[in-house]
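**Q** The sequence and its predicted three-dimensional model are supplied below.
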Amino acid sequence: SAVISQKPSRDICQRGTSLTIQCQVDSQVTMMFWYRQQPGQSLTLIATANQGSEATYESGFVIDKFPISRPNLTFSTLTVSNMSPEDSSIYLCSAWDRGRSGGGYTFGSGTRLTVV
Amino acid sequence: GENVEQHPSTLSVQEGDSAVIKCTYSDSASNYFPWYKQELGKRPQLIIDIRSNVGEKKDQRIAVTLNKTAKHFSLHITETQPEDSAVYFCAASPEEGGYNKLIFGAGTRLAVHP
């Protein structure tokens, strides 16, 4: 099965600063997906990252706040910019795992962000 | 866009009982329906999924059923064990294969009491 390595696992940041989260997949994938999971809540899609093109953002999320890079088929970054306490959440990346029987979307281990 | 509703939000059962979680979706174009289990502090783990050309799928103690006409699908866990305690999420997507996003339900917190 595909493994997605995500880092950092957690961070505490000052408001107004930015944090870049990295995800590395151990196999090539066409799309990578970035989700936010607020405490006790479900997963909300932030954007879809396709290598070689700009990311596609969901309603309520904008590129200036959450810039995404996708330099190759195994790597992506999400930056949370100009952070405020409302950005405190878990951020997860996801991709399709072809190695799993029948396939399926798998997730990175998540980044727990606290903004103070 | 797709909207997925999930019920109940919490479910408490005795060990050995069955648990059923239900989801409905709005977009008739959805064809792939996975279920995830998320333990506290951990990433969501895919436990079972179903495609639109299948009505039911089983894997040991868990099963998923799909009714495309009614646009609903359900997760069934039999002979529940304390280690089944977790939050379960249903999701829907227009297709499998990694080219389309998943839309998640709100989640069900399952507690299995010994």
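**A** Arrived safely. Numbering: from 1, shown residues only, chains lettered A, B, ... in the order given.

**Q** per-residue confidence for the residue in chain B that chain A sits nearest to?
**A** Using C-beta to the nearest C-beta, B:Gly98 is the residue of chain B that sits closest to chain A, at 2.5 Å. Backbone N, C-alpha and C define where each C-beta goes, glycine included. Note on B:Gly98: pLDDT of 73.

**Q** need the contact list for it.
**A** Contact analysis of B:Gly98 by C-beta atoms under 8 Å, 6 or more residues apart in numbering or on different chains lists A:29-31, A:95-96, A:98, A:103, A:105.

**Q** what's the closest of the residues you listed to chain B?
**A** Nearest to chain B among the contacts of B:Gly98, counting by C-beta to the nearest C-beta, is A:Trp96 at 2.5 Å.

**Q** From the contacts of B:Gly98, list the buried ones, please.
**A** Among these, those classed as buried by 16 or more other C-beta atoms under 10 Å in any protein chain shown are A:29, A:31, A:95-96, A:103, A:105.

**Q** For chain B, tell me which of these show up nearby.
**A** Counting by C-beta under 8 Å from any C-beta of the partner chain, A:29, A:31, A:95-96, A:103, A:105 from the buried ones among the contacts of B:Gly98 sit close to chain B.

**Q** Please narrow those residues to those residing in strands.
**A** Among these, DSSP state E puts A:31, A:95-96, A:105 in strands.

**Q** can I get the CA coordinates of stretch A:27-39 in PDB?
**A** Provided in PDB are the C-alpha atoms of stretch A:27-39 (Å, rounded to 0.1, in the frame of the first residue of the first chain):
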ATOM      1  CA  SER A  27       4.500   6.300  -5.400                       C
ATOM      2  CA  GLN A  28       3.400   8.600  -8.300                       C
ATOM      3  CA  VAL A  29      -0.100  10.000  -8.000                       C
ATOM      4  CA  THR A  30      -1.900  12.300 -10.400                       C
ATOM      5  CA  MET A  31      -4.000  14.200  -7.800                       C
ATOM      6  CA  MET A  32      -3.300  15.000  -4.200                       C
ATOM      7  CA  PHE A  33      -5.900  16.400  -1.900                       C
ATOM      8  CA  TRP A  34      -5.700  18.700   1.100                       C
ATOM      9  CA  TYR A  35      -8.300  18.600   3.900                       C
ATOM     10  CA  ARG A  36      -8.900  20.400   7.100                       C
ATOM     11  CA  GLN A  37     -10.400  18.700  10.100                       C
ATOM     12  CA  GLN A  38     -11.400  21.100  12.900                       C
ATOM     13  CA  PRO A  39     -11.600  19.700  16.400                       C
END
